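# could you work out the structure for the sequence below:
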Amino acid sequence: MEFGIFVQGYVPASRRRADPHAEHHALLEEAEYVVQADRSGFKYAWATEHHFLDEYSHLSANDVFLGYLAHATDRIHLGSGIFNPLPQVNHPVKVAEKAAMLDHLSGGRFEFGTGRGAGSHEILGFLPGISDMDVTREIWEETIAEFPRMWLHEEYPGFHGRHWSLPPRKVLPKPYGPAHPPMWYAAGSPSSYAMAARKGLGVLGFSVQKVGDMEWVVDSYKTAVKDAEPVGAFVNDNVMVTSTAICAETSQEARRIAAAGGLNYLQSLLFRYHDTFPRPEGIPRWPELLPEYTEEIVELLVAEELMICGDPDEVLRQCKRWEQAGADQLVFGLPVGVPYEDTMQTIRLIGEHVIPKIDTDPVHRTTRFRRAAGRR
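A predicted model of the protein is given here:
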């Protein structure tokens with residue numbers, strides 16, 4: 001199992017009240033987290049693309065953010081988690097161009113994740129008036145197979161679809177290195193996992209909340225990927241899942257950091273905006289908030305495998321549970337409400353004590369798939 005982090009430009013109102021430049025500081029700090037993750041042996045960093053989601057995510061231009069990180073890092077793969085390729089949001093040709101450019105700037109380290117938006121507040125900003133959110137899936141499915149054609153043909157033969165069209169054109173630049181960047185899809189339901197697998201796409205499992213969710217994820221994906229007809233040059237057989245992570249020198253310190261981190265507010269914002277996600281029982285409707293976390297609540301979340309938290313030995317055991325459940329990649333949503341130094345400590349300790357004991361392969365899994373496609 002490989003490891004990564006994801007960043008989203010979290011700027012809660014409480015931070016803005018204390019710091020008039022909070023947005024600026026948050027974005028630069030999250031860039032520093034990726035740089036530290038690169039130094040600490042993490043293999044992947046994912047940057048979200050969200051629009052209009054006040055407080056929850058101010059990282060809207062993630063192509064710019066990743067372009068900076070391409071120069072600031074050496075080994076870590078940089079992923080769009082996601083690029084939104086719906087033509088009403090970003091024209092597909094522009095998305096293909098940005099992905100190929102990032103592939104060049106990073107020396108072949110770019111990972112191409114796509115999706116359809118976070119929920120109705122975001123989606124309806126670009127597609128006002130639609131009554132069925134499933135129309136975005138139709139648009140995405142019409143679009144996704146066109147990216148490899150843009151990248152791999154000297155001249156793209158053109159496309160005429162229901163939602164967008166383009167005459168024959170040379171789409172430039174072409175990706176760097178063999179084939180094209182690994183392709184991923186942000187999936188939220190069992191049918192989406194199976195659909196992504198049939199298309200040969202890796203899955204960004206941002207909706208997986210705990211280890212117990214892995215069984216249906218792995219089953220639906222790994223069964224379908226055996227018969228994949230990839231839209232690209234290769235099958236990216238990968239299931240990525242996410243969990244909050246806090247690691248400290250002692251178990252007590254880690255739980256204190258978690259309890260003081262304002263994680264209830266971040267979770268409340270998640271369900272405020274991601275209204276297409278299944279809503280667990282007991283989650284209040286915004287603006288009502290989840291209760292503030294206590295050390296006892298943190299302990300319960302750890303016991304229920306809903307959070308990774310503890311000293312390095314505890315975190316190692318908790319990560320091994322995800323590996324045993326079948327995750328190919330475990331990505332940490334860093335608790336960005338906690339102090340900068342505590343977050344950097346989490347990255348350093350996991351890099352020193354956890355990753356070397358689980359991920360012993362020096363080569364990225366996606367690199368192996370991409371190289372094999374290039375040889376063909």
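
# alpha carbons only for contacts and neighbour counts from here, please
Will do.

# OK, contacts around the spatially closest residue to His274 that is not a sequence neighbour?
With sequence-adjacent residues excluded and distances taken as C-alpha to C-alpha, 6 or more residues apart in numbering, His274 is closest to Gly119, at 4.8 Å. By C-alpha atoms under 8 Å, 6 or more residues apart in numbering, the residues touching Gly119 are Tyr273, His274, Asp275, Thr276.

# and those residues, which are buried?
Among the contacts of Gly119, those classed as buried by 16 or more other C-alpha atoms under 10 Å are Tyr273, His274.

# restricted to helices, list the contacts of Gly119.
Counted as lying in helices by DSSP state H, out of the contacts of Gly119, are Tyr273.

# what ranges do the strands span in the stretch 251-376 of the chain?
Along the stretch 251-376 of the chain, counting by DSSP state E, counting those that start in this stretch, strands occupy 308-310, 329-333.

# by contact count, what packs against the last one?
Yep, that's strand 329-333 we're talking about. strand 2-7, strand 239-247 (3 or more C-alpha pairs under 8 Å, 6 or more residues apart in numbering; DSSP states H and E).

# the inter-axis angle of the longest one versus strand 2-7?
Same thing as strand 239-247. 70 degrees (axes from the mean of the first three to the mean of the last three C-alpha atoms, to 10 degrees).

# for strand 239-247, C-alpha coordinates in PDB please.
Output of strand 239-247 as PDB, limited to C-alpha atoms (Å, rounded to 0.1, in the frame of the first residue of the first chain):
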ATOM      1  CA  VAL A 239      -8.300   2.000  -5.200                       C
ATOM      2  CA  MET A 240      -7.300   5.100  -3.200                       C
ATOM      3  CA  VAL A 241      -9.000   5.800   0.100                       C
ATOM      4  CA  THR A 242      -8.800   8.700   2.600                       C
ATOM      5  CA  SER A 243      -8.700   9.100   6.300                       C
ATOM      6  CA  THR A 244      -7.900  11.900   8.800                       C
ATOM      7  CA  ALA A 245      -4.500  11.400  10.400                       C
ATOM      8  CA  ILE A 246      -2.800  12.800  13.400                       C
ATOM      9  CA  CYS A 247       0.500  11.400  14.700                       C
END
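
# give me the sheet partners of that strand and which way each runs.
In the sheet, strand 239-247 lines up against strand 202-205 (parallel), strand 308-310 (parallel), strand 329-333 (parallel) (DSSP bridges).

# now do the contacts for the one residue sitting closest to the centre of the chain.
Against the mean C-alpha coordinate of the chain, by C-alpha atoms, centre = their mean, the closest residue is Gly81 at 3.8 Å. By C-alpha under 8 Å, 6+ apart, Gly81 lies in contact with Phe6, Trp46, Ala47, Thr48, Glu49, Phe112, Gly113, Thr114, Ala186, Leu204.

# quick check, nearest of these to Asp132?
Using C-alpha to C-alpha, the shortest approach to Asp132 within those belongs to Ala186, at 19.1 Å.

# roughly how far apart are that closest one and Leu269?
Relative to Leu269, Ala186 is positioned 19 Å away (C-alpha to C-alpha, to the nearest Å).

# can you give me the buried ones in stretch 6-14?
Phe6, Val7, Gln8, Gly9, Tyr10, Val11, Pro12.

# how about stretch 306-313?
Leu306, Met307, Ile308, Cys309, Gly310, Asp311, Pro312, Asp313.

# distance to Thr367 and pLDDT for those - can I get that in TSV?
Shown next, in TSV, are the buried residues of stretch 306-313 (distance: C-alpha to C-alpha, whole Å; pLDDT from 0 to 100):
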residue	distance to Thr367	pLDDT
Leu306	30	94
Met307	29	95
Ile308	28	97
Cys309	30	97
Gly310	32	98
Asp311	32	98
Pro312	29	98
Asp313	30	98
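
# the lengthiest helix in the chain to strand 2-7, inter-axis angle?
Using DSSP H, we find that the single longest helix of the chain is helix 22-39. Computed by the same axes, to 10 degrees, the angle separating helix 22-39 from strand 2-7 equals 170 degrees.

# who does helix 22-39 touch, helix- and strand-wise?
By 3+ C-alpha pairs under 8 Å, 6+ apart, helix 22-39 packs against strand 2-7, helix 13-18, helix 62-72, helix 340-353.

# hey, which of these is tucked in deepest?
Of all these, strand 2-7 has the most neighbours on average by mean count of other C-alpha atoms under 10 Å, namely a mean of 24.

# now do it: distance to the chain's middle.
Centre-to-centre, strand 2-7 and its host chain are 8 Å apart (C-alpha atoms, centre = their mean, to the nearest Å).

# restrict it to CA atoms and write it as CSV.
Below are the C-alpha coordinates for strand 2-7, written out as CSV (Å, rounded to 0.1, in the frame of the first residue of the first chain):
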residue,chain,number,x,y,z
GLU,A,2,1.2,3.5,-0.9
PHE,A,3,0.7,6.8,0.9
GLY,A,4,-0.4,10.3,0.0
ILE,A,5,-1.9,13.5,1.3
PHE,A,6,-4.6,15.7,0.0
VAL,A,7,-5.0,19.5,0.4
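
# good, we can wrap up now.
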